[in-house]
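[1] the sequence and its predicted three-dimensional model are supplied below.
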Amino acid sequence: MNPSTASAQLVVQSLIAHGVRHVVLAPGSRSAPLAYALVAAADAGELTLHVRIDERVAGFTALGLARGSRYPAAVVTTSGTAVANLHPAVLEASYGSVPMIVLSADRPAELRGTGSNQTMRAQHEMFGSEVRFLADLPAPDSPERLAEWSKGLCAAIAAARGLGSTSQAGRRPGPVQLNLAFRDPLVPDSTDAEGPAAAGSASASGEHWARAASELAGHPTGEERTPEPAAVHQVAPGPRTVVLAGDSVDPEVGKAAAALAERAKWPLLAEPSSGACRSTSSIPVYRLILGSSLSEGIERVVTFGRPTLSRPVSRLLARRDVEHIVVSPEPEWFGAGVPNATIVQAVQLADAVAVPDADPGAGAVAGRTAHHGPDIDEEWCENWLAAGAAASAAVRKVAASDGDSLNNFAVADAVIGRPGQVYLGSSNVVRDVDLAMTSQSRATVMAGRGLSGIDGTVSTASGISLASSPVRVLLGDLTLLHDIGALLIGPLEQEPELQVVVVNDDGGGIFATLEHGEQRFAGVFERIFGTPHGRNFEEIAAGYGWDYARATTREELDRVLDAPRKGRSIIEVAVHRDSHRDFAARVRDAVEQRLTG
């Protein structure tokens, strides 16, 4: 077995030995040794291989697979710009704490800096500090050199999971990169009579390579460790406190936020992708209430996850008259933008009685309380709940005044009112869901809030579906067009159970609600912010082989959402972009009047 085949075989065997079950491959020549080894493992039922022709789509599909399985997924590319196309997904994985393994094939050292085709000077430095672990592994020229590859693989997988000596104590999961150099030949030896799929078997002349690869693939990690129990910070019940639950890919974080709020009788301000919105302490329409006099009484904020969604929340976190407790496994996560902040790994309500079986992890609430302390101010939470109910009723009254025509709020309300996994695009739709979400909403909501880009939304949702269960995507028209390559799934590939609900306002509707939508910018708005496209989504769906439906009223939308679904489908909902700013103003006025009254 030649060195490239043997080392690729080692990589795949190590992935399997460490529990990696999903790998996304973007075709290329330099990565061919990995491709042959992966298809052999997939044919043997040892892992699931997904092939995508677009590297950016491949990267976000791997990110989605990792989110759906809650375990590292790998993506494989050839050298050069192919690796660069993974950068958006790597950044989202880094800031969203998603474990992802980048296996980038590269030319051997002697070809770098020589002008060789598709060869960069420092491909392994492309992602900078955004990867949790990096190894630039030279092309092996002996079985002994494979030990370096084995060690790198073990360390990388541990670091992707947030474990191991290569990660700081308590560090978050995230992306890692192994830059793998391969020399020619890049195909299995011709002596392998059974063909490429048998690349894992040894030829007579290369038996020592296969034996070394087999032995080293079982090399103990030496890097993984069991995280130490989180130090628990005692929180006194006295000050008027709100619990803020931001985005998190770990559902346990949202559960911890909800548990603390319910025990302490504190209002819970939960973003849609926090996993905490169903709590009985969750306050609907909280971001508009933060502009009322009620928020002036806030003395302390306990933050879980990563809040990213609204300016009122950012202003709350920036207040210097408020104490901030940030529950996070990484001290550097909140910087100067959050004054008076205390970073802790876990919290517990002081003077609460905890049951013995408590086992807190990073970000957890220790124990279950048997009683509440005497300083709990239940009226504080009751006032917030009353304000939330009043504000939510005001918003729904405004939405209902538009009659049967669909607006963004009505679409969001319809989608999250049904059970199942919903993945949200950025821009308007996640904010529409934030406005519509109540403790009675039935959907399990996820979103890519690491860097909140519109990149890779369909690809990520596709990966989540392939790793877990059907997913419904709610996104805007530009977000879908930005990731249109994700609609292309070849006939040889596993088909995701994916329904895409696209709110089509023919352009960048979110900008109409910001300062850019003011009348004084009307002369240039359409060209540089509105960006109309005029695309026909029915034709796009047909071209990529997706089912298509269109809804123009709430009744039609309810009907298509309730219809049995199988495979891939697109539901188009047309709304008017020029109505967004007016709707937002009417909602703000209605909520202000209701709260004042």
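    Perfect, thanks for sending it. Residues are numbered from 1 along each chain as shown.

[2] which stretches of the stretch 151-300 of the chain have low pLDDT?
    Low-confidence regions of the stretch 151-300 of the chain, defined by pLDDT under 70, span residues 164-170, 191-230.

[3] buried residues, stretch 546-553. List them.
    Using 16 or more other CB atoms under 10 Å as the test for burial, stretch 546-553 gives 546, 549, 551. C-beta here means a position set from N, CA and C on the backbone, and glycine is covered the same way.

[4] residues contacting the first one?
    By CB atoms under 8 Å, 6 or more residues apart in numbering, the residues touching residue 546 are 487, 500, 568-570.

[5] please redo it, this time with the cut-off set to 10 Å
    With CB atoms under 10 Å, 6 or more residues apart in numbering as the criterion, the residues that contact residue 546 are 487, 489, 498-500, 537-538, 540, 567-570.

[6] quick check, nearest of these to residue 393?
    Using CB to CB, residue 499 comes nearest to residue 393 of the contacts of residue 546, at 30.1 Å.

[7] any idea what the closest one is bridged to?
    Residue 499 forms beta bridges with residue 472, residue 569, as assigned by DSSP bridges.

[8] count the neighbours of it for me.
    Residues contacting residue 499 under the criterion other CB atoms under 10 Å number 28.

[9] before we move on, the earlier item: out of the contacts of residue 546, what pair is the most spread apart?
    The two members of those with the most space between them (CB to CB) are 489 and 538, at 18.8 Å.

[10] between these two, point out the one with more neighbours.
    More neighbours surround residue 489 than the other of residue 489 and residue 538, with 23 against 14 (other CB under 10 Å).

[11] and the residue lying closest to that one once chain neighbours are set aside, how many neighbours?
    Nearest non-adjacent residue to residue 489, counting by CB to CB, 6 or more residues apart in numbering: residue 495, 6.4 Å away. As a burial measure, the neighbour count of residue 495 was computed by other CB under 10 Å and equals 15.

[12] which residues sit in contact with residue 495?
    The contact partners of residue 495, taken as CB under 10 Å, 6+ apart, are 462, 465-466, 489, 545, 566-568.

[13] please apply the same query to residue 313.
    Applying CB under 10 Å, 6+ apart, the residues contacting residue 313 are 244, 246, 269, 271, 286-287, 290, 301, 303, 307.

[14] same question for residue 530.
    Neighbouring residues of residue 530 by CB under 10 Å, 6+ apart: 505-509, 511-512, 516-517, 524, 577-578.

[15] just the buried residues from those, in ChimeraX please.
    Filtering these down to the buried ones (16+ other CB under 10 Å) takes a single ChimeraX command:
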select :505,506,507,508,509,511,512,517,577
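
[16] so which residues of the stretch 201-350 of the chain form helices?
    Secondary structure of the stretch 201-350 of the chain (DSSP state H, counting those that start in this stretch): helices located at 207-217, 251-264, 286-289, 311-317.

[17] gap between the shortest one and the chain center?
    Right, the one you point to is helix 286-289. 25 Å (CA atoms, centre = their mean, to the nearest Å).

[18] and that helix, what does it pack onto?
    In terms of contact count using 3 or more CB pairs under 10 Å, 6 or more residues apart in numbering; DSSP states H and E, helix 286-289 is assigned the packing partners strand 268-270, helix 311-317, helix 378-400, helix 428-436, helix 580-596.

[19] can you name the residues in contact with that helix?
    The set of residues that contact helix 286-289 without belonging to it, under CB under 10 Å, 6+ apart, is 242, 244, 267-271, 283, 295, 309-313, 316, 384, 387-388, 390-392, 394-395, 431, 434-435, 437, 587-588, 590-592, 594-595.

[20] any buried residues in that helix, and which?
    When neighbours are counted by 16+ other CB under 10 Å, the buried residues of helix 286-289 are found to be 286-289.

[21] alpha carbons of that helix, as PDB, please.
    What follows is helix 286-289 as a C-alpha-only set of coordinates in PDB (Å, rounded to 0.1, in the frame of the first residue of the first chain):
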ATOM      1  CA  TYR A 286     -39.400  41.300  26.000                       C
ATOM      2  CA  ARG A 287     -37.300  43.500  23.700                       C
ATOM      3  CA  LEU A 288     -40.000  46.100  23.500                       C
ATOM      4  CA  ILE A 289     -40.700  45.900  27.200                       C
END
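
[22] number the residues from 105 up from this point.
    Done: numbering now begins at 105, and the last item shifts to helix 390-393.

[23] so where's this structure shaky on pLDDT?
    Along the chain, segments meeting pLDDT under 70 span 215, 217-219, 221-222, 224, 247, 268-274, 295-334, 434-441, 456-478.

[24] one more time with 80
    Counting by pLDDT under 80, the ranges of the chain that qualify are 213-226, 245-249, 268-275, 294-334, 433-441, 444, 455-479, 508, 701.

[25] check contacts around the most centrally placed residue in it.
    In the chain, the C-alpha closest to the average C-alpha coordinate belongs to residue 552, at a distance of 4.1 Å (CA atoms, centre = their mean). With contact set as CB under 10 Å, 6+ apart, residue 552 has these partners: 164, 167-168, 171, 193, 196-197, 199-200, 202, 351, 353, 377, 527-530, 534, 558-561, 564-565.

[26] inside helices: which ones of those residues?
    For those, the ones inside helices are 164, 167-168, 171, 193, 196-197, 199-200, 534, 561, 564-565, with DSSP state H as the criterion.

[27] need those in JSON lines (columns: neighbour count).
    Formatted as JSON lines, the ones in helices among the contacts of residue 552 follow (neighbours: other CB atoms under 10 Å):
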{"residue": "164", "neighbour count": "33"}
{"residue": "167", "neighbour count": "32"}
{"residue": "168", "neighbour count": "35"}
{"residue": "171", "neighbour count": "25"}
{"residue": "193", "neighbour count": "30"}
{"residue": "196", "neighbour count": "25"}
{"residue": "197", "neighbour count": "36"}
{"residue": "199", "neighbour count": "20"}
{"residue": "200", "neighbour count": "27"}
{"residue": "534", "neighbour count": "27"}
{"residue": "561", "neighbour count": "28"}
{"residue": "564", "neighbour count": "34"}
{"residue": "565", "neighbour count": "33"}
